[in-house]
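**Student:** Got a predicted model here, sequence first, then my questions.
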Amino acid sequence: MTDALALVAVSQLVCIAAIAYLYMQLQAVKSHPPARVRRSPRVQSLEHPVQAVTREATSRAAREAYAQAAPRPASRPARPADGQVDVAELARRMNRSEEEVRLLLRRRGLS
């Protein structure tokens, strides 16, 4: 039991010494002012003041950029009266490639 108490006392002394050492290092760092960083000659300052972009302007620009395109009016039906499918027109309407449309039509048995 006394050995355990001696180990606890020694470990506490070590911790107190470590805290004192760290405190002294912190005071030494605080006493020296930070070194000035030299500006690179490649950096150029702007002639006019820069204005920050607001959140509203950013969201408005995003809505305009990603807005849904207006649906195109169908110039002719995708399936004319003779039963043939206009693959190019259907691909434009579906925003798919013609090959994808052909594969879909084959799966459905329409081509």
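**Tutor:** It's in. Residues are numbered from 1 along each chain as shown.
**Student:** buried stuff in the host helix or strand of Ala61?
**Tutor:** For Ala61, the host element (DSSP states H and E) is helix 55-65. Residues of helix 55-65 classed as buried: none (neighbour count, 16 or more other C-beta atoms under 10 Å). (Each C-beta comes from the backbone N, C-alpha and C, glycine too.)
**Student:** Likewise for stretch 92-111?
**Tutor:** Arg92, Val101, Arg102, Leu104.
**Student:** Run through the strands of this structure in chain order.
**Tutor:** In order along the chain, the chain carries no strands (DSSP state E).
**Student:** Put together JSON lines for the buried residues of stretch 92-111, with pLDDT and distance to Arg38 on each row.
**Tutor:** Conversion of these to JSON lines gives the following (pLDDT from 0 to 100; distance: C-beta to C-beta, whole Å):
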{"residue": "Arg92", "pLDDT": "88", "distance to Arg38": "59"}
{"residue": "Val101", "pLDDT": "87", "distance to Arg38": "62"}
{"residue": "Arg102", "pLDDT": "88", "distance to Arg38": "65"}
{"residue": "Leu104", "pLDDT": "86", "distance to Arg38": "64"}
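**Student:** Go through these and name the one nearest Ala35.
**Tutor:** Here the nearest of the buried residues of stretch 92-111 to Ala35, counting by C-beta to C-beta, is Arg92; it sits at 63.8 Å.
**Student:** Alright, that wraps it up for me.
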